[in-house]
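In: sharing a model prediction with you, sequence too.
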Amino acid sequence: MIHPWKPKRKAISTLCMAIAFLVFSCHPRPPVPEPLEAEPYPDLFSFAETEFLEGRTDTATEAFGEYAEKNPGTPRAREALHRIARIHEGAAEYEKALTLYQRILREFPDHPGFAEVSLDKAGVLYRLGRYEASRDETLQWLDHFAAHPLAGHTLLLLGKAAGAVGDETTAFWAYIRASLAFHPDDPLQHDVDMYMAALLETAGLDSLRSAAVAAPPNTRYLPEIYHRIARLALEADDLELAQEAGMALVRSTPDQYWVDTGREILDRISEELAVGKGVFACLLPLSGPFAIYGREVLNGMQLGMGVFGASEEGGTIELLIEDTRGDPDAAVEKVEELVHKGRVMGIIGPLASRTATAAAIKAQELGVPIITLAQKEGITEEGDMVFRNFLTPAGEMDRLVSKAVGELGLLRFGILYPDSAYGRRLMNLFWDRVEEGEAFVTAVESYAPEATDFSEHIRKMVGLHHPRPPRLVESLTEAERAAFDAGIESGPYDAAKDPEPIVAFDAVFIPDSFQKVPLIAPQFPFHDVFNIRFLGTSLWQSPELLEQGADYLQGALFPTGFFAEAEEAFVELYRENFESDPSLLAAIGYDTIRYLNHLMETHAPKTRRSLQQALLLHRDFQGLRGSLSFDAHREATTPAVLLTIRGKRFIPLN
């Protein structure tokens, strides 16, 4: 601030005006000596002063103005105009105040108070939001009055104006010199500190480096400037600059807090630089209840690394394999050990939700990128180092509903789901996506997970479970009679003896396993519900589904993360080495390791932070499951494959 007052409205009480007068009179600016000479109308000036002191600003303004008109060019006339300008400024009439300040400067260029009025003008320009003009005015002021007692006030205003127009270099220069102009106990020193802190949080590296170079050695802001430079340099993975700033921070002050902070930065840089180039860790459950799944991923990774001659890219990456046993605590211990002792650049895994979440939290804390292979929604929200390469239920529903509504033209859907955590979750995801696609869910029923008879649930979906209202029966009867008379139906509709199902949906979504779906599908035609398409989830992908229910599921549609029949070479190689068919987990392991090989060759990251940035930037990698990259939320963008049933086969829906 330039002035120690902050009037907020035009009407000012007598008490407030008296206080303002005292503030103006006690302003920490040096008094401007007025030449003593006889002037006409001295009582008019005294009257104006009295009116101002007692809060009658309108009368005071009029009296000061009349005095200035009757005494043009005199020191008292200048003072009268200055008082009027300050009254306008106090009432937030900044344009009027600016006009008067400009007039005073124009008519009294040689007056000893020229510097004070010029500073007032710059302050009003700032209040008007004309920051560039205010900055230029204060720069000119400093050129002419650098040794003036008001230089500190001017420097503070210059910093604010320069900061407002994005001139960070000038703002730093001004605040640093303003801090040297005020006594530590001066309230304005607090203002300087406040504005400086805000600038430090928003300034770019170039401005900060310029400020560090230009600052006098005794500047108390130097440690903060060097600390900010080091932080930004670390975020940008410029370890050389971060190291330089850390060393400068240690040398810039005897304050133990800043010395320790600088040493911590240098230790972190040393650890970053000691990371093994291309060394990755893989955390998988290789023992315990989830071992079968961990082995699938590991098999795929081994093929991807060329262990069995499966990949031409082998050799770029060194992989450390660790067994989590499916235990979250063990996973956390492994992450710490691999980061501090193994010096790994990044981590792949784990699989299970709880274990993956625990490992992700620790990896984020230690600043190492981790590519989790878990389905848990929201896991990447743990931090910017957490990535995921796995098909999630949300991703499945995005692909399924987009195809069903956007390309197949289906608009009405029924949902028949198990009353389990999985069933409810998929039901809600599907329903949300349908509504987002401006389609409709017209029938919803749930069943017990252990159920084997679904007649009651299907009858409810098509209006056969409860007696129909008389008006509906009458309407249906008339419609059927009209159809019969037109020769369309074989006989009149008899609602009492032969109720027809009301099928208000084009497709039915069943989020259940391949074992349960063959029990459900045949019961729809049993209740005279024909010509509907069944929709499912990746749980449907099993030969058993085809063996037991293909006749009733022709044209059904469901998403999957991997369709092995489309990758014959990979399947054959997998069978040769592991005597079984590859699963989605094997394909994910294979694609992940080959993707990292390709990334290391293309971007050659040297630190964990540069690896994190490369993961966000790397594109155009084609894996078994399609194009693999990570979006801004660090989720793999590989789309689900949509399969349909034709005869006794799964085939991709093109």
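Out: Received, thanks.
In: now do the strands in the stretch 301-450 of the chain.
Out: Counting by DSSP state E, counting those that start in this stretch, the stretch 301-450 of the chain has strands at residues 318-323, 346-348, 370-372, 386-388, 412-418, 440-447.
In: same for the fifth one, what does it pack against?
Out: Here strand 412-418 touches helix 421-436, strand 440-447, helix 455-461, strand 507-509, going by 3 or more Cβ pairs under 8 Å, 6 or more residues apart in numbering; DSSP states H and E. To be clear about C-beta, it is placed using only N, CA and C from the backbone, and glycine gets the same treatment.
In: thinking again about what came up before, so which of the strands of the stretch 301-450 of the chain gets nearest residue 643?
Out: Nearest of the strands of the stretch 301-450 of the chain to residue 643, taken as Cβ to Cβ: strand 412-418 at 18.9 Å.
In: tell me how far that closest one lies from the chain's centre.
Out: How far strand 412-418 lies from its chain's middle: 34 Å, per Cα atoms, centre = their mean, to the nearest Å.
In: and stretch 364-374, by the same measure?
Out: Relative to its chain's centre, stretch 364-374 lies at 18 Å (Cα atoms, centre = their mean).
In: longest single helix anywhere in the chain?
Out: For the chain, the longest helix by residue count, based on DSSP state H, is helix 584-603.
In: any idea of the angle it forms with strand 318-323?
Out: If you take axes from the mean of the first three to the mean of the last three Cα atoms, to 10 degrees, helix 584-603 sits at 150 degrees to strand 318-323.
In: so after helix 584-603, what's the next helix or strand?
Out: As assigned by DSSP states H and E, the chain's next helix or strand after helix 584-603 is helix 608-617.
In: any weak-confidence spans in this structure?
Out: Along the chain, segments meeting pLDDT under 70 span 1-42, 308-315, 464-499.
In: how is it partitioned into domains?
Out: Domain assignment for the chain by automatic domain parsing gives 14-212, 213-273, 279-390+569-638, 394-464+501-560.
In: redo the strands of the stretch 301-450 of the chain as CSV? Include mean neighbour count and distance to residue 139.
Out: CSV is the format used below for the strands of the stretch 301-450 of the chain (neighbours: other Cβ atoms under 10 Å; distance: least, Cβ to Cβ, whole Å):
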stretch, mean neighbour count, distance to residue 139
strand 318-323, 17, 58
strand 346-348, 27, 50
strand 370-372, 28, 51
strand 386-388, 24, 48
strand 412-418, 23, 68
strand 440-447, 17, 66
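In: and those: which comes nearest residue 463?
Out: Closest approach to residue 463 among the strands of the stretch 301-450 of the chain (Cβ to Cβ): strand 440-447, 9.0 Å.
In: so what strands line up beside the closest one?
Out: Using DSSP bridges, the strands paired with strand 440-447 in its sheet are strand 412-418 (parallel).
In: then the strand it pairs with to CSV, C-alphas only?
Out: Provided in CSV are the C-alpha atoms of strand 412-418 (Å, rounded to 0.1, in the frame of the first residue of the first chain):
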residue,chain,number,x,y,z
ARG,A,412,-34.4,-49.4,-24.8
PHE,A,413,-32.7,-51.6,-22.4
GLY,A,414,-33.7,-54.1,-19.7
ILE,A,415,-31.3,-55.0,-16.9
LEU,A,416,-31.4,-58.4,-15.1
TYR,A,417,-28.6,-58.5,-12.5
PRO,A,418,-27.4,-60.5,-9.5
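In: what sits up against it?
Out: In this structure, residues lying in contact with strand 412-418 by Cβ atoms under 8 Å, 6 or more residues apart in numbering are 404, 423-424, 426-427, 430-431, 434, 439-449, 451, 454, 457-458, 461, 504-512, 516, 520, 532, 535.
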